[in-house]
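Chemist: build the 3D model from these lines:
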Amino acid sequence: MVPQPIRRAAVAGSWYPGTEAALRAEVDRYLESAGTPPQGEVLGVMAPHAGLIYSGPVAAHAYRALEGRRFDVAVLVGPSHYVAFEGVAVYPRGAFETPLGPVLIEETIAADLLRQSSVVRDDPVTHAREHSLEMQLPFLRRVLPDTPIVPLVMGHQHPETIEGLADALGTVLAGRRALLIASSDLSHYYDASTAARLDGRVLEFVKRFDPEGLLAALQAFPEHACGGGPAVAVMAAARALGARQGVVLRYADSGDVSGDKSAVVGYLAAVFGNFQGS
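Modeler: Numbering: from 1, shown residues only. Prediction:
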């Protein structure tokens, strides 16, 4: 029996296929086309969250790096697109619905985060329409089908919120086989050459594995990424858990699919951990 409550899928049938067979086929096609991931220990990934046809080919590179691995929990951190609030909202119990089956919530870790940090709040309503985490679930169901999640949506991306969440994640997840997932698109609706320049700053800090540098860049120009705060929090928490490297796996923009390079959204797939030959 699936635990209650159930967070119903908000964008199934629009942002991605609403039937099991069609969704499985599309996700598997992207995974099969993704490049060979680096060898080593993965503690975190960064993946985009646009409509599957646009961001799926990029996100697949991050999730391909998780195939054959085992984790006790996947902690997803994404931005809030629809509700403005302070802090970080957790959906603390039950499951998230997907066409590929329900994704259970790791309720003990969710409760530990609530106790550990004042920036984390019990607020399932904030998750009702949000797509930033939902767009990660089709890939998770294919590569880590039995791994429960802790869903976290970040409101206003203040430095104290980002740092508070990173500290809490580092403390609560210590000693656990945990995967951190940052959900973020990059710049929005610039021409492709401008987008590549702006997005290149994010790629630079990811490659240097420098969450503090990325945070400073985002404070100066927030339009580098819609989920920049979640990305910084995941990078800092991954470092606290032992990660020493960031590797960019794939960068692209929406114009690569649509053909319109005049106003694009940037997409990045990356991994955080400790890798051979990187």
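
Chemist: return the backbone torsion pair for the closest residue to residue 3 other than its chain neighbours.
Modeler: Excluding the flanking residues, the one nearest residue 3 by Cβ to Cβ, 6 or more residues apart in numbering is residue 94, at 5.0 Å. (Each C-beta comes from the backbone N, C-alpha and C, glycine too.) Torsion angles at residue 94 (phi, psi; degrees, to the nearest 10) stand at phi 100, psi -130.

Chemist: likewise residue 244?
Modeler: Backbone geometry at residue 244, expressed as degrees, to the nearest 10, gives phi -130, psi 0.

Chemist: just to revisit the earlier point, isn't the residue nearest to residue 3 up against residue 4?
Modeler: Yes. Counting by Cβ atoms under 8 Å, residue 94 does reach residue 4; the two are 5.3 Å apart.

Chemist: who's more crowded, the two?
Modeler: Taking neighbours as other Cβ atoms under 10 Å, residue 94 and residue 4 compare with residue 94 leading, 17 against 8.

Chemist: neighbours around residue 15, how many?
Modeler: By the criterion of other Cβ under 10 Å, residue 15 has 19 neighbours.

Chemist: give the contact list for it.
Modeler: 50, 51, 52, 131, 134, 135 (Cβ atoms under 8 Å, 6 or more residues apart in numbering).

Chemist: looking at the residues you listed, which has the most residues close by?
Modeler: The residue in the contacts of residue 15 with the most neighbours, by other Cβ under 10 Å, is residue 134 (27 neighbours).

Chemist: what are the ranges of the strands in the stretch 101-250 of the chain?
Modeler: 103-104, 120-122, 149-154, 178-183, 188-190, 245-253 (DSSP state E, counting those that start in this stretch).
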